[in-house]
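>>> Just a sequence and a predicted model for now, questions to come.
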Amino acid sequence: MRSKIVSALLLGLAALAGLAGCGTSDGGPGEPLRLAVRSLPPAYIGERYEAKLPASGGVRPYSFELEGKLPKGLRFASGRISGVPQEKGSFKITVVVNDAALSSRSVPLTLKVSDPPPPKLTAKLPASETDAPFIAVFTLDKRPTQAFRLRLTLKDLKPDLESLKANPNLVYVVRYDEEQQALDIDGAFTQTFRGGEVFRLKLEPTRKLRPKVQPQDQFFKPDGEPYTNKPPKRPADEGAYAFDDLRALAQAWKRAPKKIEGQPPAPKENAPASPESPEGGPEAEPETPTAPPDGGSEDAAPPAGSEPRQPPQDQAGKKTTGFDPDLNYDGKVDAADLELLRQGYAFNPGGKVSPPPNAPGDGVNPPASDLGEPDAPTDGGGLPFDRPGS
């Protein structure tokens, strides 16, 4: 009997010691158990999510339970919600925490899952009045993007297009409307862009002022779909190439493009010239009656200064859906093809656009390792990109 009494006393002393030594991380012993959370941050479809639900007070260790249903793609473990949500909606849950003293607390929460908002464009400008030229730096937050359409209203600010320096993974087309004081830029990345500096540009005030830039923009997700279906409001113009063609060119950058049926083949290097070639070389006999000449043809790369090659057309003279980004037929897609596209580009405000025709099957841009570093465009306002601090 005495041994049982002694054992009971020892257990009681151990419990008191536990309360004294294990209290809370925030305060002293004896604080009540609680969950230090009242709401959950929003979650977005296809983007990694994590929310910690910290407990305090009571007696450690804690154990957690979750009542209710999380959206597909998320899981709950050890007081933490994590994963990549795959369905939208408002999900009502209750989180329960228990401690070693058998105390329990619960809190009802609502997790909202929606489509991700578009990237946010930020312009670094002088904070005070100035009449001196300055460099404006334009950056995007970390939300992933594949391409964008942009109109910048530059009231009383004149841009120096020759000073524009773009991210090395960006291919772009730019124009300036002096009457509207508006700068239009369409750009596409050769790989998914996940935040940072996009471009910088020298601006010169026409009077003393505090610089302001009014942007209208439309950004596109890594799968090619727009974040929003509202492109910038800007006047359309005529041209052979459009925004979808620019995106297809970016995806094929520094790689051999997929040839479109009906397009002439790329000229072979060191091949004899055909009868129609400017060099006037000897006529080459085909290997078979249906084989094309081994040399160049009138459809080969256009000479410098010529008009840009027109896209393929059907019998009615309408542009077909196929687009070959190798505009000069030299077997690669680089700055020369970009310059040809710039010469015949139309800044059509348009509506919703489809993913580029040459996009990979999974709808996601190819990894950087497959693309290599693009050549920096040297004409049309493109200069090598300088990162801050480099």
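Right, received. Where do you want to start?

>>> The lowest-mean-pLDDT helix or strand in the chain: what's the following helix or strand?
None of the helices or strands of the chain scores lower by mean pLDDT, DSSP states H and E than helix 2-22, at a mean of 48. Remark: after helix 2-22, the chain's next helix or strand is strand 34-35, criterion DSSP states H and E.

>>> elements contacting that next one?
strand 55-56, strand 104-114 (3 or more C-beta pairs under 8 Å, 6 or more residues apart in numbering; DSSP states H and E). C-beta: built from backbone N, CA, C; applies to glycine.

>>> could you give the mean pLDDT of the longest one?
The predicted model assigns strand 104-114 a mean pLDDT of 97.

>>> Given that strand, what are its sheet partners and their directions?
With DSSP bridges as the test, strand 104-114 is paired with strand 43-44 (parallel), strand 89-98 (antiparallel).

>>> Could you do the shortest one as well?
Counting by DSSP bridges, the strands paired with strand 55-56 are strand 34-35 (antiparallel).

>>> just the strands in the stretch 51-200 of the chain please.
In the stretch 51-200 of the chain, the strands defined using DSSP state E, counting those that start in this stretch lie at 55-56, 63-68, 74-77, 80-83, 89-98, 104-114, 121-124, 134-140, 145-153, 157-166, 170-177, 182-193, 196-205.

>>> With respect to Pro231, which of those lies nearest?
Closest to Pro231 of these, according to C-beta to C-beta: strand 145-153, at 5.2 Å.

>>> now the angle between strand 170-177 and the closest one, please.
Angle of strand 145-153 versus strand 170-177, following axes from the mean of the first three to the mean of the last three C-alpha atoms, to 10 degrees, is 20 degrees.

>>> Please point out which parts of strand 145-153 sit buried.
Residues of strand 145-153 classed as buried: 145-152 (neighbour count, 16 or more other C-beta atoms under 10 Å).

>>> Over to stretch 182-199?
182-193, 197-199.

>>> This structure - how does it break down into domains?
Split into domains by automatic domain parsing, the chain comes to 23-114, 121-258+327-370.

>>> out of the ones you listed, deepest packed?
Of all the domains of the chain, domain 121-258+327-370 carries the top mean neighbour count, a mean of 18, counting by mean count of other C-beta atoms under 10 Å.

>>> Show me the shaky parts of the stretch 1-150 of the chain.
1-29 (pLDDT under 70).

>>> Ala335: which of the strands of the stretch 51-200 of the chain is closest?
Short answer: strand 170-177, nearest of these by C-beta to C-beta, at 8.7 Å.

>>> Against which helices or strands is the closest one packed?
Against strand 170-177 (3+ C-beta pairs under 8 Å, 6+ apart) you get strand 157-166, strand 182-193, strand 196-205, helix 243-251, helix 335-343.

>>> Quick check: mean pLDDT of the fourth one?
The average pLDDT for helix 243-251 rounds to 95.

>>> That one versus strand 182-193: what angle between them?
40 degrees.

>>> thinking again about what came up before, take the strands of the stretch 51-200 of the chain and write them to JSON lines, including distance to Arg255.
Putting those into JSON lines (distance: least, C-beta to C-beta, whole Å) gives the following:
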{"stretch": "strand 55-56", "distance to Arg255": "52"}
{"stretch": "strand 63-68", "distance to Arg255": "47"}
{"stretch": "strand 74-77", "distance to Arg255": "37"}
{"stretch": "strand 80-83", "distance to Arg255": "34"}
{"stretch": "strand 89-98", "distance to Arg255": "40"}
{"stretch": "strand 104-114", "distance to Arg255": "35"}
{"stretch": "strand 121-124", "distance to Arg255": "29"}
{"stretch": "strand 134-140", "distance to Arg255": "25"}
{"stretch": "strand 145-153", "distance to Arg255": "16"}
{"stretch": "strand 157-166", "distance to Arg255": "20"}
{"stretch": "strand 170-177", "distance to Arg255": "13"}
{"stretch": "strand 182-193", "distance to Arg255": "9"}
{"stretch": "strand 196-205", "distance to Arg255": "23"}
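
>>> Relative to Pro211, how far out is Ala136?
7 Å (C-beta to C-beta, to the nearest Å).

>>> Return every residue with contacts to both of those two.
Residues touching both Ala136 and Pro211 by C-beta atoms under 8 Å, 6 or more residues apart in numbering: 125, 203.

>>> ok, which pair from the buried residues of strand 145-153 is furthest apart?
Farthest apart among those - using C-beta to C-beta - are Gln146 and Leu152, which lie 20.2 Å from each other.

>>> my guess is Thr190 meets Gln251, correct?
Yes. Between Thr190 and Gln251 a contact is recorded at 7.3 Å, counting by C-beta atoms under 8 Å.

>>> Next, format the helices and strands packed on strand 34-35 as JSON lines and append distance to Ala132.
Below are the helices and strands packed on strand 34-35 laid out as JSON lines (distance: least, C-beta to C-beta, whole Å):
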{"stretch": "strand 55-56", "distance to Ala132": "55"}
{"stretch": "strand 104-114", "distance to Ala132": "44"}
